[in-house]
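Build me a model:
(one chain, ligands or ions: 4)
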Amino acid sequence: MSINWLRFVSPSLKKPSLFHLCHLPPPPSSSSSAVIVAMSYDKELAAAKKAASLAARLCQKVQKALLQSDVQSKNDKSPVTVADYGSQALVSFVLQQEFPDNFSLVAEEDSKDLRKDGGQEIVERITKLVNDSLTSDGSYNVTLSTEGVLKAIDNGRSEGGSQGRHWVLDPIDGTKGFLRGDQYAIALALLEGGKVVLGVLACPNLPLTSLSDAGQHSPNNKVGCLFFAVVGGGTYMHPLDGSSAVKVQVSAVENPEEASFFESYEAAHSMHGLSSLIAQKLGVKAPPVRIDSQAKYGALSRGDGAIYLRLPHKGYREKIWDHAAGCIVVTEAGGVVTDAAGQPLDFSKGKYLDLDTGIIVTNQKLMPLLFNAVRKSIQEKASSL
Ligand SMILES: Nc1ncnc2c1ncn2[C@@H]1O[C@H](COP(=O)(O)O)[C@@H](OP(=O)(O)O)[C@H]1O
Ligand SMILES: [Mg+2]
Ligand SMILES: [Mg+2]
Ligand SMILES: [Mg+2]
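Ligands and ions are numbered 1, 2, ... in the order given. Reported below is the predicted structural model:
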């Protein structure tokens, strides 16, 4: 099935809306002309934004309690587990309600550990969190049982792939950031035929103004952003607690000396030494901006920085839910996302991304320079071993 894209101005919406035409095989008795079915992602986008916003609220509630009760210093990870599972159950439930006939979800968590002996208490806490969120939203007149919550979590066990539609969810991306009270994201994307066609990134702790602004740590600076993108339609951002969206664009910086770059806060997730070698080769002057989660993709999409380098240690396999939403949010804002060999990320192979060395992200102008610096640095590192 081939897919063509066109921009369509909906008279009722009075704003551009994205439609695509699916050329279906002709019915047996008809002539050879293709049957054209027009579809939009408006309903999917509305559902994804709703699900991610609800999940973000659940996570904010848990993170607040986590910080207030100082559980963080006790190194007790259970509240994070509660938020991860609660977020996944909520998103899964909302999407299944909205798309009962065509629902497939590839998500990070499953209920295996929760079903073990001693898991009942934590399942009850998750169930309460999920039901409280559903009640406060008011759209769905249901109360989930503990088994209903476990089933909703396990509905995220799809394998994805190159055929059909699959939602892709990271219920909390940046768990370590969440624990520290730093950045994290609820990352939800839709794959169609193995390509990302829609992405929503809820970043509850990301300031509404640029991370490069001097006053970003002032107490008046509001946090909580939601980024969204539909293929061909650009990237938008609005406050998590609002709906007035602005279109965002990646940085237009062409001179690497003026570029700043993002990388993981956690050195275990990305080789900081290698990225500093790359930055040095490029002539980047600013120190790295280290933050957790796909909030990096969101911040990059609005030009807070110009480059994102993710260079995992040998043997690590990247999962699609760690990049699907972020990837479309950046590309629709004019950026480029490739692996370290310059190939686009392939989301059609199931849960894992099959890629060379790492992931590099920047604007179109800087990509050739960045790519060269990455190749040289990787070769230098290999020959020094
Ligand atoms: N050794 C490793 N190398 C690279 N990424 C890793 C890793 N261990 C975990 N991760 C991934 O890094 C993600 C967080 O990325 P970042 O460093 O940008 O915050 C984690 O997502 P979760 O927090 O959803 O588990 C996890 O999937
Ligand atoms: Mg993740
Ligand atoms: Mg996660
Ligand atoms: Mg995880």
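
Spell out which residues of the stretch 151-300 of the chain are next to ligand 2.
By CB under 5 Å from the ion, the part of the stretch 151-300 of the chain that sits against ligand 2 consists of 170, 173. The way it works is simple: take the backbone N, C-alpha and C, and place the C-beta from them, glycine included.

Helices of the stretch 151-300 of the chain, start to end?
175-180, 272-282, 295-301 (DSSP state H, counting those that start in this stretch).

Make JSON lines out of the ones you listed and add distance to Gln120 and mean neighbour count.
Below are the helices of the stretch 151-300 of the chain laid out as JSON lines (distance: least, CB to CB, whole Å; neighbours: other CB atoms under 10 Å):
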{"stretch": "helix 175-180", "distance to Gln120": "23", "mean neighbour count": "20"}
{"stretch": "helix 272-282", "distance to Gln120": "42", "mean neighbour count": "19"}
{"stretch": "helix 295-301", "distance to Gln120": "34", "mean neighbour count": "29"}
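
Nearest approach to ligand 3 belongs to which of these?
Counting by CB to the ion, ligand 3 lies closest to helix 175-180 out of the helices of the stretch 151-300 of the chain; the figure is 5.5 Å.

Output the contacting helices and strands for the closest one.
helix 42-68, helix 78-98 (3 or more CB pairs under 8 Å, 6 or more residues apart in numbering; DSSP states H and E).

First-to-last residue distance for stretch 171-186?
End-to-end distance for stretch 171-186: 5 Å, by CA to CA, to the nearest Å.

Using PDB, write out the CA atom coordinates for stretch 147-155.
Output of stretch 147-155 as PDB, limited to C-alpha atoms (Å, rounded to 0.1, in the frame of the first residue of the first chain):
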ATOM      1  CA  GLU A 147      -7.000  -7.000  37.900                       C
ATOM      2  CA  GLY A 148      -8.300  -4.400  35.400                       C
ATOM      3  CA  VAL A 149      -5.200  -2.300  36.100                       C
ATOM      4  CA  LEU A 150      -2.900  -5.200  35.700                       C
ATOM      5  CA  LYS A 151      -4.600  -6.100  32.400                       C
ATOM      6  CA  ALA A 152      -4.300  -2.500  31.200                       C
ATOM      7  CA  ILE A 153      -0.500  -2.600  32.000                       C
ATOM      8  CA  ASP A 154      -0.200  -5.900  30.100                       C
ATOM      9  CA  ASN A 155      -2.000  -4.500  27.100                       C
END
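
Give me the contacts around it.
Around stretch 147-155, the neighbours that count as contacts under CB atoms under 8 Å, 6 or more residues apart in numbering are 85, 88-90, 92-93, 96, 103, 105, 107, 109-111, 114-115, 123, 126-127, 130, 144.

give me that answer again for 7 Å
With contact meaning CB atoms under 7 Å, 6 or more residues apart in numbering, stretch 147-155 is reached by 85, 88-89, 92-93, 96, 105, 109-111, 114-115, 123, 126-127, 130, 144.

Considering only those residues, which also neighbour ligand 1?
Among the contacts of stretch 147-155, no residue sits close to ligand 1 (CB under 6 Å from any ligand atom).

looking at this protein, which helix or strand does the model trust least?
Sorting the helices and strands of the chain by mean pLDDT, DSSP states H and E puts strand 3-10 at the bottom, at a mean of 27.

Could you give the number of residues near the residue of the chain found nearest ligand 2?
Taking CB to the ion, ligand 2 has its nearest neighbour within the chain at Asp173, 3.6 Å off. Asp173: 28 surrounding residues under other CB atoms under 10 Å.

Any stretches of the stretch 101-250 of the chain with poor pLDDT?
Residue ranges of the stretch 101-250 of the chain with pLDDT under 70: 214-220.

just the strands in the stretch 151-300 of the chain please.
165-173, 185-192, 195-207, 223-230, 235-239, 246-248, 261-263, 289-290 (DSSP state E, counting those that start in this stretch).

how about the longest one as PDB, C-alpha atoms only?
So the one you mean is strand 195-207. Provided in PDB are the C-alpha atoms of strand 195-207 (Å, rounded to 0.1, in the frame of the first residue of the first chain):
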ATOM      1  CA  LYS A 195       7.000   4.900  10.700                       C
ATOM      2  CA  VAL A 196       6.400   7.400  13.500                       C
ATOM      3  CA  VAL A 197       3.400   9.500  12.400                       C
ATOM      4  CA  LEU A 198       2.500  11.200  15.700                       C
ATOM      5  CA  GLY A 199       4.300  12.000  18.900                       C
ATOM      6  CA  VAL A 200       3.400  13.600  22.300                       C
ATOM      7  CA  LEU A 201       6.000  14.400  24.900                       C
ATOM      8  CA  ALA A 202       4.700  15.600  28.300                       C
ATOM      9  CA  CYS A 203       7.600  17.100  30.300                       C
ATOM     10  CA  PRO A 204       6.200  18.000  33.800                       C
ATOM     11  CA  ASN A 205       9.400  19.600  35.000                       C
ATOM     12  CA  LEU A 206      10.600  21.400  31.900                       C
ATOM     13  CA  PRO A 207      10.500  25.200  32.200                       C
END
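
Many thanks, have a good one.
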